[in-house]
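Asks: structure for the following, please:
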Amino acid sequence: MTRPRQTKIIATLGPATDTPESIAELIDAGADIFRLNMSHARHDWAARVTDHIRQAADQKPIAILADLQGPAIRTHAVEKPFHLEKGQPFTFNTDNRESGPNSVSVNYPGMASDLAPGDIVLIDNGLIRMKVIDSREDAIDCEVLIGGEMGSRRHINLPGVKVNLPALTKKDHADLRCILDLGVDYIALSFVREAADIQQLREATAHIKNPPKLIAKIEDQHAVKHLEPILETADAIMIARGDLGIECPFEELPIIQRRIAKLCQQRGRPVIVATHMLESMIAAPHPTRAEVTDVANAVYEQADAIMLSGETSIGKFPKICLQAADRIARRIERSGGANYHAHAPLNDPRQKLARAAVRMADDLRAQAIIVFTKTGRMIPETAHMRPRHASIIALCPDQTTARSLALHRAVHPLIFHWDTAPAAETIDQALDQIVQAGHLQKGKTVILLSSRQALEEISDSIQMRVV
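Replies: Have a look, this model is predicted:
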């Protein structure tokens, strides 16, 4: 029996993978969560793809993550792309005038007030670089430092500048209504700058009976400086290295990634490492050696998940790419990990109970830690302790709870309906179902863990059993 992969894989859907057949292929290849990038997605497309995912998943708890655009700055449409040369003067207009060979309008009216002479403006992931010479009420005059092709809707970065756009734009509110109606499991907010941004999103989802888990995307220097309050407010963190690597000096990026991964694991927050994981596989069937090492580092740092973006949304080899990520993760997991969680402060009795269960599982080399959970509350504490060998089998009463746990490292949710049968009988039924599902082998040791709410007869206890 092959050991289940502990690191989760998130696959972004797009033109290359939005059919029922492609989605089913990615599930078979090991996708745990599908991402819908609302920066580019139409609402009718999101509804259609969500339906495809639910049908392809059948009874598997495959989760959906919707990614909101957030306060992103972009250029307006240009009639025809044009080339910029080094030393050329260039103007950004904020009054919606038509673009010309030396100017383009932007979607942020307040951009001029945020910038000062000497500030740097980066366009299209840093391919074009400019320096601000002067800013006026409705325009920013710049000098081109590194030229390139200017086109429509190109993303703009302002390194070190706090942008005064709202955390949720008009587009985000419209997208939010759509994805809440679709019942997505996670919502990621782009360009989170401080805890108040996530709090605003939480208030906007509070009317939902089972609101989605909220993920803060860390993408600029301001977010890095305010990381700890953001950690306390968000349900999970995404290290979005594309914009983060532009907004911060690139040599700092590995240090920032490690710091965020360490803090998340010490605070018990799931962490996703995203962007450029296997970028070359958009066009090639094999990863570069550097990409293999990059994915391996994220797995060694025991990230809860790694995320594929263009590789699966527009790439030529989405299934092969996902299989490559799966192979790398499985191999690195066998070699150990950074164990950042070892220094986590544990103040809650539930955390201490989970740590005891994981230590017992490690000492006995148990194949699984089986957790009876009605709400999913016991699972984060258990995943937080990063079991070395055991999978965490979360027995959940419904799909909503099961999918809400899909992001956690080493957690494998299963639907299990328990009733008023005696505890011993209920446990035997659960073990039979887990064996039949292929998650356990006969003769292997397992640890049973439950909360009082999940199973009154077991009542906040740990048990050791041999299947």
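Asks: and the protein, what are its domains?
Replies: Per automatic domain parsing, the domain ranges recorded for the chain read 8-71+166-333, 73-157, 346-466.
Asks: pretty sure Arg241 contacts Ile272?
Replies: No - under the criterion of CB atoms under 8 Å, Arg241 makes no contact with Ile272, lying 10.5 Å away. (Each C-beta comes from the backbone N, C-alpha and C, glycine too.)
Asks: more neighbours: which of those two?
Replies: Ile272 (28 against 24; other CB atoms under 10 Å).
Asks: double-check that the more buried one belongs to a helix.
Replies: No - counting by DSSP: H, G, I helix; E, B strand; the rest coil, Ile272 is located in no helix; its state is strand.
Asks: could the domains of the chain go into TSV alongside mean pLDDT?
Replies: Compiled in TSV, the domains of the chain are given as follows (pLDDT from 0 to 100):
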stretch	mean pLDDT
domain 8-71+166-333	96
domain 73-157	92
domain 346-466	84
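Asks: those domains: which one's closest to Tyr340?
Replies: Distance to Tyr340, taken as CB to CB, is lowest for domain 8-71+166-333 among these, at 4.2 Å.
Asks: ok now the closest one, how far from the chain's centre?
Replies: 3 Å (CA atoms, centre = their mean, to the nearest Å).
Asks: next, the distance between the ends of it.
Replies: 12 Å (CA to CA, to the nearest Å).
Asks: Gly30 contacts Gln323, correct?
Replies: Yes - judged on CB under 8 Å, Gly30 makes contact with Gln323 at a distance of 7.3 Å.
Asks: neighbour-wise, which of those two wins?
Replies: The neighbour count for Gly30 versus Gln323, taken as other CB under 10 Å, is higher for Gly30 (19 against 16).
Asks: check contacts around the closest residue to Ala390 other than its chain neighbours.
Replies: In space, and not counting its chain neighbours, Ala390 is closest to Ala361: 4.2 Å by CB to CB, 6 or more residues apart in numbering. The contact partners of Ala361, by CB atoms under 8 Å, 6 or more residues apart in numbering, come to 368-369, 387, 389-390, 447.
Asks: same deal with Arg388?
Replies: Arg388 makes contact with 336, 362 under the criterion CB under 8 Å, 6+ apart.
Asks: repeat the analysis, applying 6 Å as the threshold.
Replies: Asp362 (CB atoms under 6 Å, 6 or more residues apart in numbering).
Asks: ok, now how distant is it from Asp32?
Replies: 20 Å (CB to CB, to the nearest Å).
Asks: now Ala223
Replies: As for Ala223, its distance to Asp32 is 25 Å (criterion: CB to CB).
Asks: next: Ser450.
Replies: Ser450 sits 24 Å away from Asp32, going by CB to CB.
Asks: tell me which of those two has more neighbours.
Replies: A count of neighbours by other CB under 10 Å puts Ser450 above the other of Ser450 and Asp32, at 27 against 22.
Asks: can you pull up the bridge partners for that one?
Replies: Bridge pairing for Ser450 (DSSP bridges) gives the partners Phe372, Ser461.
Asks: give me the element Ala284 is part of.
Replies: For Ala284, there is no enclosing helix or strand under DSSP states H and E.
Asks: so what's the residue count around it?
Replies: When neighbours are counted by other CB under 10 Å, Ala284 registers 15.
Asks: in space, what's closest to it - neighbours in sequence excluded?
Replies: Leaving out its chain neighbours, the residue that sits closest to Ala284 by CB to CB, 6+ apart is Phe317, at 7.5 Å.
Asks: I figured that neighbour hits His286, correct?
Replies: No - at 8.9 Å, Phe317 and His286 do not qualify as touching, with contact defined as CB atoms under 6 Å.
Asks: those two: which has the busier surroundings?
Replies: A count of neighbours by other CB under 10 Å puts Phe317 above the other of Phe317 and His286, at 19 against 14.
Asks: CA atoms only: put stretch 13-30 into CSV for me.
Replies: This file holds the C-alpha atoms of stretch 13-30, laid out as CSV (Å, rounded to 0.1, in the frame of the first residue of the first chain):
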residue,chain,number,x,y,z
LEU,A,13,-8.4,25.8,-13.6
GLY,A,14,-8.4,27.7,-16.9
PRO,A,15,-8.9,27.2,-20.6
ALA,A,16,-6.6,24.1,-20.6
THR,A,17,-8.5,22.3,-17.9
ASP,A,18,-12.1,23.5,-17.5
THR,A,19,-13.8,20.5,-19.1
PRO,A,20,-15.3,17.6,-17.0
GLU,A,21,-12.8,15.2,-18.6
SER,A,22,-9.7,17.4,-17.7
ILE,A,23,-11.0,17.9,-14.1
ALA,A,24,-11.5,14.2,-13.6
GLU,A,25,-8.0,13.6,-14.9
LEU,A,26,-6.5,16.1,-12.4
ILE,A,27,-8.4,14.5,-9.6
ASP,A,28,-7.1,11.1,-10.6
ALA,A,29,-3.6,12.6,-10.7
GLY,A,30,-3.9,13.8,-7.1
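Asks: just the residues contacting it, thanks.
Replies: In contact with stretch 13-30 (CB under 6 Å, 6+ apart) are residues 9, 11, 34, 49, 52-53, 56, 312-315, 318-319, 322-323, 326.
Asks: ok, now stretch 83-96?
Replies: Stretch 83-96 has contacts (CB under 6 Å, 6+ apart) with 102-103, 105-106, 109, 111-112, 138-142, 144, 147, 149-150.
Asks: quickly name whichever of these is closest to Val295.
Replies: When these are compared for distance to Val295 (CB to CB), Glu149 wins out at 30.6 Å.
Asks: run the chain-centre distance for the helix or strand harbouring that closest one.
Replies: If you go by DSSP H and E, Glu149 is part of strand 148-150. Centroid displacement of strand 148-150 relative to its chain, using CA atoms, centre = their mean, is 30 Å.
Asks: same check on stretch 127-139?
Replies: Counting by CA atoms, centre = their mean, stretch 127-139 is centred 33 Å from the centre of its parent chain.
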